[in-house]
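Chemist: Build me a model from this:
(one chain, ligands or ions: 1)
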Amino acid sequence: MAKEFDEVEYTKADLATWKQVLSYMKGERRDVILLFVSVITLAILDTIYPKLNGIVIDKYVLTGNLEQLPLFAGIYLAFIALFGFIVWTFILLSDRLQLSISYQIRKDGFKKLQELSFSFYDTSSVGWLLSRLTSDTNRIGGILSWGLTDAIWGSMVMFFVTISMFMMNWKLALITIAVLPILAVVSYYFQTRILKQYRCVRKMNSKITGAFNEGITGAVTTKTLVTEEDNLEEFSHLTREMRDGSVRASVINAIYYPIIVALGSVGVALIINVGGMDVFNGDLSYGDLVVFLSYATLFYDPIRTIANLLTRFQDAQASAERVISLINTESDIIDRPDVIEKYGQIGNLKKENWEPIKGDIELIDVGFHYKTGEKVMEHMNLKIEAGNSIAIVGPTGSGKSTIVNLICRFYEPTSGQILIDGVDYRERTQEWLHSHLGYVLQTPQLFSGTIKENIRYGKLDATDEEIIEAAKLVNAHEFITHYPDGYETVIGEGGSGLSTGQKQLISFARALIANPAILILDEATASIDIETEKLIQDAIQVLLKDRTSFIIAHRLSTIVNANQILLLKNGEIAEKGTHAELIAQKGDYYQLYMGQFEKIK
Ligand SMILES: Nc1ncnc2c1ncn2[C@@H]1O[C@H](COP(=O)(O)OP(=O)(O)OP(=O)(O)O)[C@@H](O)[C@H]1O
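Modeler: Prediction:
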């Protein structure tokens, strides 16, 4: 089953995962050290600041020694300036660390997505993958930068304040610390509940994103099926649940904060009570009492931060597991080490060892089943000589796409062999095969950019002349030059602004300029006007010339012109031959021809 948009599963901390996540900080060693130093310095300054107040009260205010106050004003100013500088430094460093970690994880994730085979995409939805590379990576980056900053600052403040308190008055120090366990338990209790609500809100948010996605991509279908009202009701239900979850989180927050403040006040009240007596008895100065009151607040504050961090860590743990599992996913189709050694891999292609390709293809006893399904084909044998075109026809689900996916090595046979120029294609790298392979999809995939750029995707170093030549050969030149900007015309995402036929012609030009030895053409079924249809039929013949081609064919002209026709039925080659031979056989192809192709002649 495809993974859900934002599957939320929470597990215990896993050291191996965190070790791998922490390795992303390796390159940032200098920033991490600087961050540690600045946060520890901040905690020290936080501890010193109340002491300054105590000294001013005891030494100058209470003694009336006011002439020294301007000196202290100067010290305060210097202190505040240093404080500001440290805060600036750690905000900058934390942000930088977060961005850099997220960037590196995202880069590795994207690289992995490029490497993974088709079978991976059979079970992972686009939404699920997007969540991994966006919100999950942000969460990991956040916990490693801001989370770490908060944790170090919080624990260091508590550490320095505790030392300072014990140095001043151990009795008051113990009273301050006594409130700590109650605060910690209460904070953890509430933070866990708040987090639970936020998870629920996030899950709803993911579902809403999914609903938006489906609403936008399926807008036409929704309208034609008149399901707007049902969709709206479903969407309202999701947004209501999200609102309710957010309100619940706010309510818990609203209860939590007064309780924390009240508990903190209990600590402060105890200090005033006991400390007041000590001042009265002369065991404590006024200044130190004021310092203790400040310390109580300073000491309790990090509890909230740390409790919040502990719960956020659980979230980040789930994110880390999902992202790391994605990054560690092994592709089902991998080249053998000795093959990589000889032919290289992306980043280090050893093209000098690449044999030129002719385009002979042979399937020997090929059997195949998808990971999740039953056998799609068994003992398939087929031999195609270089330069020949094969039209594959057959009912839906008969295995047409499967056979071309196997030839492209998007999937590998589960038994048997596929030979290219007499050699098992696993003896060479995927890059070798794919660089000699062109695939024109039924729905042409165009990218936002100019028409020229779209054609150039086929051969990145193509000259403008080559691009125009290719466009001319596939009958695209004329309509392109009709645009005021010609080849520089900017087309939108997915080729919006162009008709289906025009998109097809551009994708033909792109395939032609790549000049692959093996071409796969999934012919479009969409009917287009007669004039464009004729242009497309002619362009297909140009495209197929002198290369081994497989066409999942729907047009009679393509089928008739093919060197061989394969009629597939339940993953088997039911009939094979030229059009004339198969018509003469009066078998299934004949029936199909009479019943279906006849109409679309
Ligand atoms: N990714 C997949 N995972 C599991 N089973 C699959 C997958 N793709 C196809 N199948 C199954 O394999 C069989 C052959 O499918 P295939 O897509 O090759 O047929 P097809 O002839 O191209 O069909 P169509 O004309 O509808 O595109 C079908 O039974 C299909 O359900």
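
Chemist: Burial check on Asp283, number of neighbours?
Modeler: 13 (other Cβ atoms under 10 Å). C-beta: built from backbone N, CA, C; applies to glycine.

Chemist: so it sits in a helix?
Modeler: No - under DSSP: H, G, I helix; E, B strand; the rest coil, Asp283 falls outside any helix and is assigned coil.

Chemist: Up against the ligand, what does this structure have?
Modeler: 122, 370, 372-373, 376, 394, 396-402 (Cβ under 6 Å from any ligand atom).

Chemist: Out of the residues you listed, list just those in helices.
Modeler: Mapping the residues of the chain next to the ligand onto helices (DSSP state H) picks out 122, 400-402.

Chemist: So Gln502 is in contact with His482, correct?
Modeler: No - using Cβ atoms under 8 Å, Gln502 makes no contact with His482, being 10.3 Å away.

Chemist: who's in contact with stretch 356-372?
Modeler: 119, 122-123, 332, 375-387, 402, 406-407, 411, 413-422, 436, 517-518, 547-548 (Cβ atoms under 8 Å, 6 or more residues apart in numbering).

Chemist: So among those, which ones count as buried?
Modeler: Using 16 or more other Cβ atoms under 10 Å as the burial test, the contacts of stretch 356-372 include 119, 376-378, 380, 382, 384, 386-387, 402, 406-407, 411, 413-414, 416, 418, 420-421, 436, 517-518, 547-548 as buried.

Chemist: which residues in the stretch 401-550 of the chain form strands?
Modeler: Secondary structure of the stretch 401-550 of the chain by DSSP state E, counting those that start in this stretch: the strands cover 415-420, 423-424, 437-440, 449-450, 490-491, 518-522, 548-552.

Chemist: got it, and the stretch 201-350 of the chain?
Modeler: According to DSSP E, counting those that start in this stretch, the strands that the stretch 201-350 of the chain contains are 344-345, 348-349.

Chemist: Report all helices and strands that the last one contacts.
Modeler: Using 3 or more Cβ pairs under 8 Å, 6 or more residues apart in numbering; DSSP states H and E as the contact definition, strand 348-349 packs against no other helix or strand.

Chemist: which residues touch it?
Modeler: 343, 431.

Chemist: Can you give the strand pairings for it, parallel or anti for each?
Modeler: Sheet pairing of strand 348-349 (DSSP bridges) gives strand 344-345 (antiparallel).

Chemist: Run the chain-centre distance for the partner strand.
Modeler: 25 Å (Cα atoms, centre = their mean, to the nearest Å).

Chemist: What of stretch 327-344?
Modeler: 23 Å.

Chemist: can you give me the mean pLDDT across it?
Modeler: Averaged over stretch 327-344, pLDDT sits at 90.

Chemist: Which residues does that stretch contact?
Modeler: Outside stretch 327-344, the residues that touch it by Cβ under 8 Å, 6+ apart are 20, 105, 108-109, 112, 115-117, 119-120, 345, 349-351, 353-354, 371, 409-412, 426-432.

Chemist: let's see 6 Å
Modeler: Residues outside stretch 327-344 that contact it (Cβ atoms under 6 Å, 6 or more residues apart in numbering) are 108-109, 112, 115-117, 119, 350, 353, 412, 429, 432.

Chemist: Buried residues, that stretch. List them.
Modeler: Those buried within stretch 327-344 under the rule 16+ other Cβ under 10 Å are 327, 333, 335, 339, 342-344.

Chemist: do stretch 572-579 as well
Modeler: By neighbour count with 16+ other Cβ under 10 Å, stretch 572-579 contains the buried residues 573, 575, 577, 579.
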